[in-house]
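[1] here's my sequence, what's the structure:
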Amino acid sequence: MKLTTYCMVLLATVTPCLASVDLNTDCSVDFHDFADFAQSWRSTGSLLPANFNGDSLVDWRDLAVLTDSWLSEQVFAQIAAETGFSEAIRLMREKLAAEAVWDNNSLPSATDVNIPGDCATYDFSVTGNPSAGFNITSTGTHGVFVKTICGTLAVRSSWMGIAVASTIDAKNVSFINSYPEPNEWIALRTDSTVKWAVSLNTDLAGDIVFGPGGRIGTVVKLLPGSSVTGSIYPALATMNLQPVTAPSGLPVQTYVPGTSLESGVYESLTIAGNASTEPGDVTIYVQGKVLIMEGATLTVPADGSLKLYLGSSFEGKNGSNLVNCTQNPSSMQIYGLPTYSSIIVKNSGSLYTAIYAPSADIIIDSSGTFYGALAAYSCVFMNGGSMRVDTRLQEDASIDDVHVFLDLESRWEE
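    Residues are numbered from 1 along each chain as shown. Here you go, the predicted model:
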């Protein structure tokens, strides 16, 4: 078997132990196998163990195969370490999604795990905590070769600016900056690597981050007149945003125009005039469509807050308004369940809100200013409004919030 063919099979499928080259069958190609090979040098005949290429002669061609296989053990160790590293990240993200309250006493680990069909093994450990970050160490072993891969996971809020799985169309935004203080860290981030996944025709005081392996010239389209004061770069891993689950324990409600909206589960919600949530913290789950009619207003009072969970879609007609009297986006949070398909906001004034709907396509059609942040499947800004990313949403985030994810912040090999 030629080296190129051998390595292609190795990398694609993690091939079995090098039985044909491992002459003493100890799952390691080393000096012991070389000594056995030397005993068969220039031997002729059929079924010779050291005649790797099957031409009935043990010569330099077989020596080349032995040498290549010896070196390829390092590749097996590398693959094992990579497998352990990926498994550690997968289990940490699985734990994040499964636990309503984070348990730092049960961080994943593994010891002496075999790669299926191969002699390589891996160990990994995860240490750290949500505030300081988590450290991953994964070690792959094959024979005498050992490879170690390390990395750090940071707890990060997807309310960093705009975070999507697919595309960001920001061709009709006047500018994007941080708030309440300018020039703090914000980002437009996508997991995608497709052509023009991010289109920008404005001034961005922040970073653009795209999917692993993507190329700047392919993924990012900067139109004439646009500028980016931060950096543009690929992420080390995708975000894999968590799905939203419906809140439990809420009473069934029906909206009566002219009365305050109370916490509860609503089959659908249509607002044709002016509606307000009651004072205090309100949680509403609408299973069907939410429709804010033309000229209508949904208001959160200065002494109130709203968490709005959407099961289907949300549409604000022309001239409609979402009014947050607190002027703090954390007081008007909108969440989209996996069944939630789209949100169309046509605010005629300033909008203070934080949106987390990882399965939805979001259109912000406003000439006013959007204060807050959003996470979605895709996002389009229309009508020339501006965006001020409220960095307090990131600062106040907890690992128990659904909008956070574990971000691979660094990775290195030893």
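[2] distance of V290 relative to S313?
    Distance, V290 to S313, using CB to CB, to the nearest Å: 7 Å. All C-beta spots, glycine's among them, are computed from the backbone N, C-alpha and C.
[3] all helices of the stretch 151-300 of the chain, in order?
    For the stretch 151-300 of the chain, the helices defined by DSSP state H, counting those that start in this stretch occupy 216-219.
[4] who has more neighbours, V290 and S313?
    Neighbours were counted for V290 and for S313 using other CB atoms under 10 Å; V290 has more, 23 against 19.
[5] my guess is that one meets F314, correct?
    Yes: counting by CB atoms under 8 Å, V290 touches F314, with 4.5 Å between them.
[6] so A50 sits in a strand?
    No: the assignment for A50, made by DSSP: H, G, I helix; E, B strand; the rest coil, is coil rather than a strand.
[7] hmm, it is touching V65, no?
    No: applying CB under 8 Å as the test, A50 and V65 come out as separate, 9.6 Å apart.
[8] find the nearest non-adjacent residue to the residue nearest the centre of the chain, please.
    Central residue of the chain (CA atoms, centre = their mean): M239, 0.9 Å from the mean position. Distances taken as CB to CB, 6 or more residues apart in numbering put F405 closest to M239, at 4.9 Å, once the chain neighbours are dropped.
[9] shouldn't that neighbour be within a helix?
    No: counting by three-state DSSP, F405 falls outside a helix, being strand.
[10] surely it meets T238?
    No: if you go by CB under 8 Å, F405 and T238 don't touch, sitting 9.2 Å apart.
[11] settle it for me: which of these two has more neighbours?
    Between F405 and T238, F405 has the larger neighbour count (other CB under 10 Å), namely 23 against 17.
[12] what about the more buried one, distance to G133?
    From F405 to G133 the distance is 13 Å (CB to CB).
[13] could you do I186 as well?
    As judged by CB to CB, I186 and G133 stand 20 Å apart.
[14] higher neighbour count, those two?
    Using other CB under 10 Å as the criterion, I186 and G133 rank with I186 on top: 26 against 17.
[15] pull the contacting residues for that one.
    For I186, the contacting residues are M160, G161, I176, N177, S178, A205, G206, D207, V389, T391, by CB atoms under 8 Å, 6 or more residues apart in numbering.
[16] over to P130?
    By CB under 8 Å, 6+ apart, the contact list for P130 reads W102, N104, V155, S398, I399.
[17] cutoff 10 Å now
    L96, W102, N104, L153, A154, V155, A397, S398, I399, D400, V404, L406 (CB atoms under 10 Å, 6 or more residues apart in numbering).
[18] which ones are touching the third one?
    Pointing back at N104 there. By CB under 10 Å, 6+ apart, N104 lies in contact with T127, G128, N129, P130, F134, I399.
[19] from G54, how far out is it?
    According to CB to CB, N104 stands 56 Å off from G54.
[20] can you tell me which helix in the chain is longest?
    In the chain, taking DSSP state H as the definition, the longest helix is helix 60-98.
[21] counting by contacts, list what that helix packs against.
    Applying 3 or more CB pairs under 10 Å, 6 or more residues apart in numbering; DSSP states H and E, we find helix 60-98 packed against helix 3-13, helix 31-39, strand 109-114, strand 121-129, strand 133-142, strand 145-157, strand 404-413.
[22] buried stuff in it?
    62-63, 65-66, 68-70, 72-89, 91-93, 95-96 (16 or more other CB atoms under 10 Å).
[23] tell me the angle of that helix relative to strand 121-129?
    Orientation of helix 60-98 against strand 121-129 (axes from the mean of the first three to the mean of the last three CA atoms, to 10 degrees) gives an angle of 30 degrees.
[24] what's the angle from helix 60-98 to strand 133-142?
    Calculated by the same axes, to 10 degrees, helix 60-98 forms an angle of 150 degrees with strand 133-142.
[25] state the mean pLDDT of helix 60-98.
    Helix 60-98 shows a mean pLDDT of 84.
[26] centre of the chain to that helix, how far?
    How far helix 60-98 lies from its chain's middle: 23 Å, per CA atoms, centre = their mean, to the nearest Å.
[27] for V101, which non-adjacent residue is spatially closest?
    What sits nearest to V101 in space, not counting adjacent residues and going by CB to CB, 6+ apart, is D400, at 5.8 Å.
[28] same thing with V126?
    Spatial nearest neighbour of V126, excluding adjacent residues (CB to CB, 6+ apart): L107 at 4.4 Å.
[29] give the contact list for the one you found.
    With contacts defined as CB under 10 Å, 6+ apart, L107 is in contact with A88, L91, M92, K95, S125, V126, T127, G128, N129, F134, I136.
[30] ok, the last one to S276 distance?
    As defined by CB to CB, I136 lies at a distance of 48 Å from S276.
[31] doesn't V404 make contact with Q242?
    Yes: because the distance of 7.8 Å satisfies CB atoms under 10 Å, Q242 is recorded as touching V404.
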